[in-house]
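Enquirer: Got a predicted model here, sequence first, then my questions.
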Amino acid sequence: MTIKLEPDERLDDLHRNGYKIIQNSKKFCFGMDAVLLSGFATVKPGENALDLGTGTGIIPILLEAKTKGQHFTGLEIQEESADMARRSVAYNGLEEKIDIVTGDIREASKLFGAASFDVITTNPPYMTGSHGIVNPDMPKAIARHEVLCTLDDVVREASKLLKSGGRFYMVHRPFRLAEIMATMMKYKLEPKRMRLVYPFVDKEPNMVLIEALRGGRPRITVEKPLIVYKEKDVYTDEIYEVYGY
């Protein structure tokens, strides 16, 4: 299939099912965190999944490739990113499996209705307004800083959108872990599984992957660490496996 690329856009190979994704090198491109989340999340046969803040649609596209879920939806507030996501879905012939919706995370439960999904994933902005320098380029600022939604907004809406017993998957930064856990439990999302991601075996973790259960009982499993590099510029075998190389 041929597809029109706008200025500065490129078509990247996802190494899964021959799928490709449109990205804009001058806007926000997906990172390793989104790929790791797609490897951490589980979508079972017959289940419907929603990705909050989907950007260019990387997580729904990867989850469609990796799981046997029934249907996937991506919610994105920035129309330019949502348009890129829709064109990527069309390029890969996935219009019947993936919907991209333009909308605000803060209004997600009104958009889709309560208890509409079995699984929700999110790779939300990591930084609050007080953390670091906000990028002057608005698309990047929205992706990285809590400009248009907060952690509380994301978790609150996920809880409303999930069916009882539904699963919530998020990738975030370890320095906000206490806040993340407290916010999840505030909205009856019980943390059940957690995995810390380390750039190197002797470095501090820089990402955390969390699974929570809507209305679950208290008990969390901390999985073995995920190490990204075994040496400079060389991924560990597990990372190559997640990427599909």
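Expert: Alright, I've got the coordinates.
Enquirer: Select the longest helix from the chain.
Expert: helix 79-91 (DSSP state H).
Enquirer: which stretches of the protein form helices?
Expert: Using DSSP H, helices in the chain cover 32-40, 58-66, 79-91, 108-112, 138-144, 151-161, 177-186, 237-243.
Enquirer: just for this structure, where's the confidence low?
Expert: 1, 127-148 (pLDDT under 70).
Enquirer: all strands in it, in order from the N-terminus.
Expert: Per DSSP state E, the chain carries strands over the ranges 9-13, 20-24, 48-52, 71-76, 98-102, 117-122, 162-172, 189-198, 207-214, 221-222, 226-227, 229-231, 234-235.
Enquirer: Adding mean neighbour count, write the ones you listed out as TSV.
Expert: Placement of C-beta: from N, CA and C, glycine included. Formatted as TSV, the strands of the chain follow (neighbours: other Cβ atoms under 10 Å):
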stretch	mean neighbour count
strand 9-13	13
strand 20-24	21
strand 48-52	26
strand 71-76	24
strand 98-102	20
strand 117-122	26
strand 162-172	22
strand 189-198	20
strand 207-214	22
strand 221-222	10
strand 226-227	20
strand 229-231	12
strand 234-235	13
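Enquirer: picking up where we left off before, helices or strands next to the longest helix of the chain in the packing?
Expert: For helix 79-91, the elements it packs on are strand 20-24, helix 58-66, strand 71-76, strand 98-102, judged by 3 or more Cβ pairs under 8 Å, 6 or more residues apart in numbering; DSSP states H and E.
Enquirer: one more time with 10 Å, if that's ok
Expert: strand 9-13, strand 20-24, helix 58-66, strand 71-76, strand 98-102, helix 138-144 (3 or more Cβ pairs under 10 Å, 6 or more residues apart in numbering; DSSP states H and E).
Enquirer: quick one, which of the helices of the chain is nearest to F200?
Expert: helix 237-243 (11.9 Å; Cβ to Cβ).
Enquirer: so of the helices of the chain, which one's packed in deepest?
Expert: For the helices of the chain, the largest average neighbour count (mean count of other Cβ atoms under 10 Å) is found in helix 58-66, namely a mean of 25.
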